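> Coordinates for the following, if possible.
(chains A and B)
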Amino acid sequence: MKTRFAAEAAANPLIPHTAELIVGFIAFTLLFLVLRKAVVPMFEKAFAARTEAIQGGIEKAERAQADAAAALESYTAQLADARGEATKIREEARVQGAAIIEDLRARAQEEAARITASAHASIEAERQAAITSLRLEVGSLATDLASKIVGEALEDQARQSRVVDRFLEDLATETGRSN
Amino acid sequence: MRAFAFEGGFVPPSTADFNLPPAFGNNEFTTKPILLVFLSVILISVFFIASSRKALVVPTKLQFAGELIYGFVRNDLGKEIIGAEFMRFVPLLFSLFTFILTNNIFGIVPLLQFPAMSHVSFPYVLAAFPFIAFHYVGIKKQGLGHYLKGIAFMPGVPKAVYILLTPIEIATFFLVRPLTLSLRLFANMFAGHLLLLVFIMGGDHLIKGVIGLKLVAPFSFTLGIVMTFFEFMVQCLQAYIFTLLSALYIAGALADEH
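Predicted structure coming up:
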C-alpha cells in the first residue's frame, strides 16, 4: 500500500524523468545523425538520378524528333530539286526537239529548192540543146526544100545562113503574132 | 495484475500504470519506454539504410517503401511549407516524423504495446529540437535584435495594442510553441493508451465476474479493438502534426515578416 502511494506521488505525468530525458536526447540525436549522414543523401541521389534519367530521355526523344524533322526536310528539298530538274530536262528536250524539227524542215526546204533549181537548169539546158539541134535540122531541111523548089544551089555558106535566119525570123514573128 | 489486488474490486487504470519497473534490477535506464526508444532507433536506421543503400533509379520494393515515407516528409512537409531552403531541414523533419511515428505505433504492436511518447520526457526532448532550430534560423537570418524585435513588436500594429500583444507574442514563441508541441503529442498518446487499458482491462475484469458480466465482456474487448484502430489513426496523425508544426515554425522564422 505504501509503495503504491509513493508510485502515485511520483506519477505526475507532466514531470519528466532525468533518465528518459538523457535517453531521448541521445537516441534522437543518434537517429538524426544516421538519417542525415546515410539515408537522406542516398535518397536524394536516387531522386537526382531519376530526374536526370527522365530529363535525359526527354532530351534524347527531342533530339531524335529534330533529326527526323531535318531528314524529312532534306528529303522534301531533294524531291523538289528532282522535280525541278525533271521539268528543266523536259523543257530542254522540248526546245531541242523543236529546234531539230525546225532544222530538218529548213534543210528539206533547201534540198527541195536545190532539186527544183537543178531541175530547172537541166530543163533549160535540154531546151537549149533541143532548140539548137532543131534549128540545125529545120535549117538543113528548109534549105534542101528551098533549093529543090527554087532549083538554085545555095552552096554558099553565107547565103545559106542568111536564108535560114530570115526564115526563122519569119517563123518567130508568126509565132509571136499567133500568141 | 495490480488492478486485482483488492479482493476482486475493479481498480481503474491510472497514471501509475505508465510507470513500469525497470526490466533489469533497479537500473532506471532499462525501463520499457527507454528500451523501446532504442529499439525504434535501431529499426528506423536499419530499415532506411537498407532501403536507400543502393539508390537505384528504378527502385526495388524496399527502396520504394522507404522513398514513399521520405518523399512524403521531404515534399509535403519540407518543400511545400518551408520553400526554397527546405533541404537543410529535411533531415530534422524526417527524423522527427519517423521517430515519433515508430514509437507511437509501438503502442499497438503486440508484445511491445507501449507508446514511449506517453512519457512526457520524450516529447519534451523532441520539441526542443525544432524549438532550437527555428530560433536559430530566425536569428541567423534576421539578426538577433531584428528577430527579437519582430517577435515582441509585430510591425503594422497600433502602439497601444503592444501592451496586450507583446506578452502574448513572447509567450507564444518561447513557451507556448514548445509546450503545445510536446504536450499535444504526450497527451494524445497518454490518453489513447489509457483508453485501451480501460477497455482491455475492463473486459478482462468483466470476464472473471458473474455470468451477467461475462456476457458484457465481449463488448468491452470489441471496443478495445475498435479503439486500437482509432489509435493507429491518432498515432499517425500526431506524428504528422508534430512534424508539420515544426516545419511551419521554421518557415515562419525564415520569412522576413511575421
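
> For chain A, just list every one of the strands.
Counting by DSSP state E, chain A has no strands at all.

> so where's it shaky on pLDDT?
A:1-11, A:149-156, A:176-179 (pLDDT under 70).

> Close to chain B: what parts of it are there?
Residues of chain A found near chain B (Cβ under 8 Å from any Cβ of the partner chain) are A:4, A:7-8, A:10-17, A:19-21, A:23-25, A:27-28, A:30-32, A:34-36, A:38-40, A:42-47, A:49-50, A:53. Every residue, glycine included, has its C-beta placed from N, CA and C.

> switch the cut-off to 6 Å
A:7-8, A:11, A:13-14, A:16-17, A:19-21, A:23-25, A:27-28, A:30-32, A:34-36, A:38-40, A:42-43, A:45-46, A:49-50, A:53 (Cβ under 6 Å from any Cβ of the partner chain).

> Filter the residues you listed down to just the ones in helices.
If you go by DSSP state H, the residues of chain A next to chain B have A:7-8, A:19-21, A:23-25, A:27-28, A:30-32, A:34, A:40, A:42-43, A:45-46, A:49-50, A:53 in helices.

> re earlier: any quick ChimeraX command for the buried ones out of the residues of chain A next to chain B?
To isolate in ChimeraX the members of those that are buried, counting by 16 or more other Cβ atoms under 10 Å in any protein chain shown, one can use:
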select /A:7,13,16,17,19,20,21,23,24,25,27,28,31,32,34,35,39,40,42,43,46,50
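
> ok, residue A:90 - how many residues close by?
10 (other Cβ atoms under 10 Å in any protein chain shown).

> ok, now the one 10 residues further on?
Look at residue A:100: counted by other Cβ under 10 Å, it has 10 neighbours.

> On the three-state scheme, residue B:12 is what?
Following DSSP: H, G, I helix; E, B strand; the rest coil, residue B:12 is assigned to coil.

> Please report how far it lies from chain A.
Noted for residue B:12: a distance of 13 Å to chain A, by Cβ to the nearest Cβ, to the nearest Å.

> What helix or strand is the closest residue to that residue other than its chain neighbours located in?
Distances taken as Cβ to Cβ, 6 or more residues apart in numbering or on different chains put residue B:198 closest to residue B:12, at 6.7 Å, once the chain neighbours are dropped. For residue B:198, the host element (DSSP states H and E) is helix B:177-207.

> Return the list of helices and strands in contact with that helix.
Applying 3 or more Cβ pairs under 6 Å, 6 or more residues apart in numbering or on different chains; DSSP states H and E, one finds that helix B:177-207 contacts helix B:121-142, helix B:211-254.

> avg pLDDT for the last one?
By that I understand helix B:211-254. Here helix B:211-254 scores 92 as its mean pLDDT.

> and chain B, which residues reach chain A?
Residues of chain B lying near chain A (Cβ under 6 Å from any Cβ): B:15-16, B:19, B:28-29, B:34, B:37-38, B:41, B:45, B:48-49, B:52, B:55, B:57, B:70, B:91, B:94-95, B:99, B:119-122, B:124-125.

> Is it possible to mark the buried ones in those?
The buried subset of the residues of chain B next to chain A - by 16+ other Cβ under 10 Å - is B:15-16, B:19, B:34, B:37-38, B:41, B:45, B:48-49, B:52, B:55, B:70, B:91, B:94-95, B:99, B:119-122, B:124-125.

> What's the local residue count around the closest residue to residue B:195 other than its chain neighbours?
Nearest residue to residue B:195, sequence neighbours excluded (Cβ to Cβ, 6+ apart): residue B:227, at 5.5 Å. Per other Cβ under 10 Å, the neighbour tally for residue B:227 reads 18.

> Could I get the contacting residues of residue B:138?
Contact analysis of residue B:138 by Cβ atoms under 6 Å, 6 or more residues apart in numbering or on different chains lists B:147, B:253.

> what about the residue of the stretch 151-258 of chain B found nearest chain A, how many neighbours?
Nearest residue of the stretch 151-258 of chain B to chain A (Cβ to the nearest Cβ) works out as residue B:190 at 6.1 Å. The burial count assigned to residue B:190 is 21, neighbours taken as other Cβ under 10 Å.

> related to what we said a few turns ago, tell me which residues of the helix holding residue B:198 are tucked away?
Buried residues in helix B:177-207 (16+ other Cβ under 10 Å): B:177-178, B:181-190, B:192-206.

> Mind checking which of the residues of chain B next to chain A land in strands?
Per DSSP E, the residues of chain B next to chain A never map to strands.

> Show me those residues that map onto helices.
Checking those against DSSP H, those in helices are B:34, B:37-38, B:41, B:45, B:48-49, B:52, B:70, B:91, B:94-95, B:99, B:121-122, B:124-125.

> From residue A:44, how far off is residue A:51?
10 Å (Cβ to Cβ, to the nearest Å).

> should've said residue B:220
Distance of residue B:220 to residue A:44, given as Cβ to Cβ: 49 Å.

> The two: which is more packed in?
residue B:220 (19 against 16).

> Spit out the contact partners of the more buried one.
Applying Cβ under 6 Å, 6+ apart, the residues contacting residue B:220 are B:199, B:202, B:203, B:206.

> Now for the residues you listed: which two are most distant?
Greatest spatial distance in the contacts of residue B:220: B:199 and B:206, 10.3 Å, computed using Cβ to Cβ.

> picking that back up, would you mind measuring from the residue nearest to residue B:12 to residue A:173?
172 Å.

> what about residue A:69, how many neighbours?
Around residue A:69 there are 10 residues (other Cβ under 10 Å).

> Please disregard the earlier target; I meant residue B:59.
19.

> Helix, strand, or coil at it?
coil.

> need the contact list for residue B:134.
Contacts of residue B:134 (Cβ under 6 Å, 6+ apart): B:249, B:250, B:253.

> How about residue A:173?
Per Cβ under 6 Å, 6+ apart, neighbours of residue A:173: none.

> thinking again about what came up before, I'd say the residue of the stretch 151-258 of chain B closest to chain A and residue B:118 touch.
Yes: with contact defined as Cβ atoms under 6 Å, residue B:190 reaches residue B:118; the gap is 4.3 Å.

> need the next SSE after the helix or strand of chain B with the lowest mean pLDDT, C-terminal direction.
Counting by mean pLDDT, DSSP states H and E, the weakest-scoring helix or strand in chain B turns out to be helix B:144-152, with a mean of 88. Using DSSP H and E, the helix or strand that follows helix B:144-152 towards the C-terminus is helix B:162-171.

> for that following helix, packing partners?
Using 3+ Cβ pairs under 6 Å, 6+ apart, the elements in contact with helix B:162-171 are helix B:144-152.

> Hmm, residue A:42 is touching residue B:51, no?
No: using Cβ under 6 Å, residue A:42 is not in contact with residue B:51; the gap is 8.9 Å.
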